[in-house]
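> I'd like to go over a predicted model; first the sequence, then the structure.
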Amino acid sequence: MPSERVQRQIDLLLDEAEAGIAASDWGRVRDRAGNVLALDPENADAKSYLEAADRATDGTSATLAPATPKAETPTPTQPTSFAAGRYEVKRFLGEGGKSQSVRSGRTAVGNSGPATRDSKMMEYSRSLASDLRNEELNVS
């Protein structure tokens with residue numbers, strides 16, 4: 001009988017093998033079941049999972065339904081610009097949650113209106129950041 005710590009690992013590995021079965025990821029099922037058998041060579045669940053993985057990949061069982069091809073998730077089109085064309089996307093950085101991150105740059109806009117205001121705000125922000133970097137922090 002494995003110790004409590006080893007049993008927890010076995011349970012976690014068996015849970016991952018079950019998730020592999022649900023996803024038809026038979027390589028993961030085989031790997032996790034093999035890990036369980038390395039810890040507990042007599043584990044009946046791991047043996048049956050390993051046998052199921054062998055049947056699924058070798059096609060020796062007529063009772064298994066053929067694997068259905070997974071539907072490809074459509075790749076969302078990447079924006080080329082935003083803010084009414086004022087910013088041009090230079091590079092796609094990644095996505096997470098419900099948003100995408102891009103590196104963008106200002107497109108050529110005249111020196112009047114929002115572009116001037118934005119550039120003045122950026123200049124002011126840079127000067128504040130510079131001032132903060134040059135300040136000494138005194139902690140008493």
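Looks like it came in fine. Bear in mind that the values here come from a model prediction, so they are computed numbers and not experimental data. Numbers count the residues shown, from 1 in each chain.

> tell me which helix or strand Val89 sits in.
In this assignment (DSSP states H and E), Val89 forms part of strand 87-96.

> average pLDDT for that strand?
Averaged over strand 87-96, pLDDT sits at 71.

> which residues of the chain fall in strands?
For the chain, the strands defined by DSSP state E cover 81-82, 87-96, 99-106.

> what about this protein, any weak spots by pLDDT?
Where the chain drops to pLDDT under 70, the residues are 59-79, 82, 92-94, 96-118, 131-140.

> at 90 instead, please
Applying pLDDT under 90 to the chain flags the ranges 1-3, 57-140.

> show me the domain layout of it.
As assigned by automatic domain parsing, the chain contains the domains 4-58, 81-134.

> export those as TSV, with columns for mean neighbour count.
Every C-beta, even on glycine, is put in place using the N, C-alpha and C of the backbone. Supplementary listing: the domains of the chain in TSV, determined by neighbours: other CB atoms under 10 Å:
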stretch	mean neighbour count
domain 4-58	16
domain 81-134	11
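
> now Asp45. Nearest residue, chain neighbours left out?
Residue nearest to Asp45 in three dimensions, not counting chain neighbours: Leu14, with 5.7 Å by CB to CB, 6 or more residues apart in numbering.

> report the separation between the residue lying closest to Val36 once chain neighbours are set aside and Ile10.
The shortest distance from Val36 to any non-neighbouring residue, by CB to CB, 6+ apart, is to Ala46 (3.7 Å). Using CB to CB, to the nearest Å, we find Ala46 at a distance of 8 Å from Ile10.

> mutual contacts of the two, please.
Applying CB atoms under 8 Å, 6 or more residues apart in numbering, one finds that Ala46 and Ile10 are jointly contacted by Val36, Asp40.

> on that earlier part again, any idea how far Pro2 is from the residue nearest to Val36?
The value you get for Ala46 to Pro2, if CB to CB is used, is 12 Å.
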